[in-house]
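Chemist: just coords:
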């Protein structure tokens, strides 16, 4: 069933790409998950797709089709940023990512109209499709048991960005299992088992081969351990080992 849904979505996206080309207009998808984005990037007819989710740290993104040079103009992505904040902030209980998302979806909003949510100190910044922004502002009155206010904002505050630590690890090879083992202080065999047990995702896609070598910008999620971005190989030791730069999410 899930495969059929993905195939249907990819077909609709291909149609948007063809419509943009045939009518000389910009077309936009709804918000897409990282695995779908990776699939789109592999499609020849979608090679000119541009992706944006509201900020440089967004993972769920909208795809835009249409060539700016050919059309002679640009068109903004249909993304709005909402701030959701408890009215009685000093007395509110702890609110989570799930609480905010559940409250918005309970209004009848489809998941594909929503982007990333950034939560800190019981306040959420939520990227949504512009077609539902005003409705959420008007109708969302509570999250959990807390009364909230909703406002439109222009930019995501830096303090809501994910905390990232730059690290350099010394590895014997560029294989991902070697990097994971070194980064999380695991035996190499344990890193291989994580891959075999379906615990590792690259750009949101389940990794199924143990000999994968990451590319610059790959986002690797290791269930039970965390997430990091592979940056680059920065050097080689006198013994032939590689120095690899990664950005680790706290």
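Modeler: Done, it's in. Please read all numbers here as calculations on a predicted model, not as lab measurements. Numbering: from 1, shown residues only.

Chemist: ok, longest helix in the chain?
Modeler: Criterion DSSP state H: the longest helix present in the chain is helix 2-23.

Chemist: run through the neighbouring helices and strands of that helix.
Modeler: Judged by 3 or more CB pairs under 8 Å, 6 or more residues apart in numbering; DSSP states H and E, helix 2-23 is in contact with strand 27-32, helix 34-41, strand 61-65. For the C-beta atoms, the positions are set from N, CA and C on the backbone; glycine is no exception.

Chemist: residue 10: what's it in contact with?
Modeler: By CB atoms under 8 Å, 6 or more residues apart in numbering, residue 10 lies in contact with 36, 39, 40, 43.

Chemist: which among the residues you listed count as buried?
Modeler: Listed as buried from the contacts of residue 10 are 36, 39, 40; burial here means 16 or more other CB atoms under 10 Å.

Chemist: how much space between the closest residue to the last one other than its chain neighbours and residue 32?
Modeler: Spelled out, that is residue 40. Using CB to CB, 6 or more residues apart in numbering and skipping the chain neighbours, the partner closest in space to residue 40 is residue 46 (4.9 Å). From residue 46 across to residue 32, the span is 11 Å (CB to CB, to the nearest Å).

Chemist: kindly report the same for residue 152.
Modeler: The value you get for residue 152 to residue 32, if CB to CB is used, is 23 Å.

Chemist: these two: which is more packed in?
Modeler: residue 32 (24 against 14; other CB atoms under 10 Å).

Chemist: show me the beta-bridge partners of that one.
Modeler: Using DSSP bridges, the bridge partners assigned to residue 32 are residue 61.

Chemist: give me every residue that touches it.
Modeler: 40, 51, 60, 61, 62, 63, 112.

Chemist: again, but for residue 19
Modeler: Applying CB under 8 Å, 6+ apart, one finds that residue 19 lies in contact with 25, 27, 65.

Chemist: just checking, the second one touches residue 17?
Modeler: Yes: taking contact to mean CB atoms under 8 Å, the distance of 7.4 Å between residue 27 and residue 17 places them in contact.

Chemist: hey, what's in contact with both of these two?
Modeler: Common contact partners of residue 27 and residue 17 (CB under 8 Å, 6+ apart): residue 65.
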